[in-house]
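Visitor: got a predicted model here, sequence first, then my questions.
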Amino acid sequence: MTQIPLLSLIIWVPIIGGIICMFAGDDRKATRARCIALFTAFLNLMLCIPLYTHFDNSTSAMQFVENVDWIAKFGIHYQLGVDGISVLMVILSTITTFLVVIASWKPIQKNVAQYMAAFLIMQGMMVGVFESLDAILFYVFWEGMLIPMYLCIGMWGGPRRTYASIKFFLYTFLGSALMLIALLYLRTKSNDFNILSFYSIKLTMHEQVYIFIAFLFAFAVKIPMWPVHTWLPDAHTEAPAGGSVVLAALMLKMGIYGILRFSMPITPDASQHLAGLMIVLSLIAIVYIAIVAIGQSDMKRLIAYSSVAHMGFTTLACFVVYKIVARTGDLQDAYLTLEGGMVQMLSHAFSTGAMFLGVGVLYERLHSREIGDYGGVAHKMPLFAAFFMLFALANVGLPGTSGFVGEFLIILGSFKASYVITLFAATTLVLSAVYTLWLYKRVFFGVVTRKEVESMKDLELPEYLVLGILAFLVLFIGLYPNALLKTFHTSIGHLLELSTTSKL
């Protein structure tokens, strides 16, 4: 019996759906475009059910593998597969797009068909990044997803959308150029572009350092790490709510995924050698950027800076494992931080994505993102205020929410490496509480500063549905994190073995 190409379907169903959506007609037939997009996103979400139920948690091997010659002359294959790390990222992509389509049902009124098409095509490209086992295929999807996001910001963004979209594209595109050079160099060493075959290549320290730096330019911009983070606040501020959600939930995670899939297992000696530098950069992001977030007056800009700080926490988890292994010599001690980093990625996607959607809800009613324009919103929108409080507390890391699990595991594991590192990392718990609760207090409590707030109505059905689903996910992960941990535990173990075995 021929195996169903499940991974290909999850890539190409949204891309084909997006193309169909583009020809759905003008804005007079916007409902047709919305229905096509919703059906496509829902169908893709349903395809993830057999992907998850038939996934074998006991092995680190790639599963649901598809391999077809693409450009045989150069050894380039259309090769797909998922392990415990990538399968969750694929599912996250489909959930995010489904929620974005619902959340955009009413706010987007111009060029609706093109807007929905952009997000569907973007989803297919992002899923392709997580599923690719061929380096060139990975690069094609990696670069391809920039185009719909560029259009999303440039066409449906705010007043400075042109500046923000060009800055976003240039930063991410130029950062990826060195990655392509590194992939071509690895091809000369392995005679093919199979990512898994790169793991067995013997490399000198000089080679590893150069390759690590080439990868770092691409992945650090995408995360984004300090000091190449400046494109993110502009992109978030000008992007529509759906674009901000995809940026926060998915695109930032691709940088971390690149480090896990390429930097650590391909250049383990360089990763260990440069771990100190990466930890310092991560701690700067955690502390300095969090302080910058406190001084923001724009809600989206504040949440964007908080994303940089939280991603710094995740990059810390990736590289502190080398300090742990060097100090204890036990891989088991490194499990905590890396698994915490994975949970943190998924938690951040839901909590921060929900906060961006919440800002979108407020913007639709008052057409302002300035914190000073609000006040007393909880009196007029009590249900929305309750939802936003939950997501704010998850962002802070309250026990019982998804934000607590990842941060707790990372801090617990980092004790094995250094008390000083742990002390600086733990400041995120205080600083995130400062800017998040200060934001909440000024917007939802206090005196009403504009009379328009008095006429604001509480959540409508699509908004209630989207925020309700995200609230469930935040609480589910917080109360039952084992649903995630058991999925990627074996794959994390295999990654740690690859990442701590010398290739010199």
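Guide: Yep, that arrived.
Visitor: where exactly do the helices run in the stretch 101-250 of the chain?
Guide: 112-131, 135-144, 146-156, 161-190, 195-198, 205-222, 231-238, 241-246 (DSSP state H, counting those that start in this stretch).
Visitor: save these as TSV, and put in distance to residue 492, mean pLDDT and mean neighbour count too.
Guide: C-beta: built from backbone N, CA, C; applies to glycine. Below are the helices of the stretch 101-250 of the chain laid out as TSV (distance: least, CB to CB, whole Å; pLDDT from 0 to 100; neighbours: other CB atoms under 10 Å):
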stretch	distance to residue 492	mean pLDDT	mean neighbour count
helix 112-131	16	91	27
helix 135-144	20	92	20
helix 146-156	29	87	21
helix 161-190	23	87	18
helix 195-198	16	90	20
helix 205-222	18	90	21
helix 231-238	27	83	25
helix 241-246	26	84	28
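Visitor: of these, which is nearest residue 439?
Guide: Minimum separation from residue 439 across these (CB to CB) falls at helix 231-238, 14.5 Å.
Visitor: report the angle between that closest one and helix 161-190.
Guide: Put simply, helix 231-238 runs at 140 degrees to helix 161-190, going by axes from the mean of the first three to the mean of the last three CA atoms, to 10 degrees.
Visitor: what helices or strands is helix 231-238 leaning on?
Guide: helix 161-190, helix 299-328 (3 or more CB pairs under 8 Å, 6 or more residues apart in numbering; DSSP states H and E).
Visitor: looking at the helices of the stretch 101-250 of the chain, which is nearest to residue 25?
Guide: helix 112-131 (6.6 Å).
Visitor: wait, doesn't residue 303 sit right on residue 236?
Guide: Yes: between residue 303 and residue 236 there is a contact under CB atoms under 8 Å: 7.2 Å.
Visitor: which neighbours do those two share?
Guide: Common neighbours of residue 303 and residue 236 (criterion: CB atoms under 8 Å, 6 or more residues apart in numbering): 248, 356.
Visitor: per-residue confidence at the closest residue to residue 450 other than its chain neighbours?
Guide: Of all residues not flanking residue 450 in the chain, residue 373 sits nearest, at 5.6 Å (CB to CB, 6 or more residues apart in numbering). As predicted, residue 373 sits at a pLDDT of 83.
Visitor: ok, residue 373 touching residue 451?
Guide: No: using CB under 8 Å, residue 373 makes no contact with residue 451, being 11.2 Å away.
Visitor: for these two, indicate the residue with more neighbours.
Guide: residue 373 (17 against 7; other CB atoms under 10 Å).
Visitor: list the contacts of that one.
Guide: 366, 449, 450.
Visitor: if we can go back for a sec, got TSV for the helices and strands packed on helix 231-238, with distance to residue 466 too?
Guide: Below are the helices and strands packed on helix 231-238 laid out as TSV (distance: least, CB to CB, whole Å):
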stretch	distance to residue 466
helix 161-190	24
helix 299-328	17
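Visitor: which among the ones you listed is found nearest to residue 138?
Guide: Using CB to CB, the nearest of the helices and strands packed on helix 231-238 to residue 138 is helix 161-190, at 8.1 Å.
Visitor: dump the contacts of residue 373 to CSV, plus secondary structure, distance to residue 232 and pLDDT.
Guide: As requested, those are exported to CSV (DSSP: H, G, I helix; E, B strand; the rest coil; distance: CB to CB, whole Å; pLDDT from 0 to 100):
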residue, secondary structure, distance to residue 232, pLDDT
366, helix, 24, 84
449, coil, 28, 72
450, coil, 29, 76
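Visitor: are any of these buried, and which?
Guide: Neighbour-count burial (16 or more other CB atoms under 10 Å) is assigned, among the contacts of residue 373, to residue 366.
Visitor: so which of the helices of the stretch 101-250 of the chain gets nearest residue 389?
Guide: Using CB to CB, the nearest of those to residue 389 is helix 241-246, at 19.0 Å.
Visitor: what helices and strands are in contact with the next helix or strand after that closest one?
Guide: Downstream of helix 241-246, the first helix or strand assigned by DSSP states H and E is helix 252-258. Identification of packing neighbours for helix 252-258 by 3+ CB pairs under 8 Å, 6+ apart yields helix 84-103, helix 112-131, helix 205-222, helix 299-328, helix 331-366.
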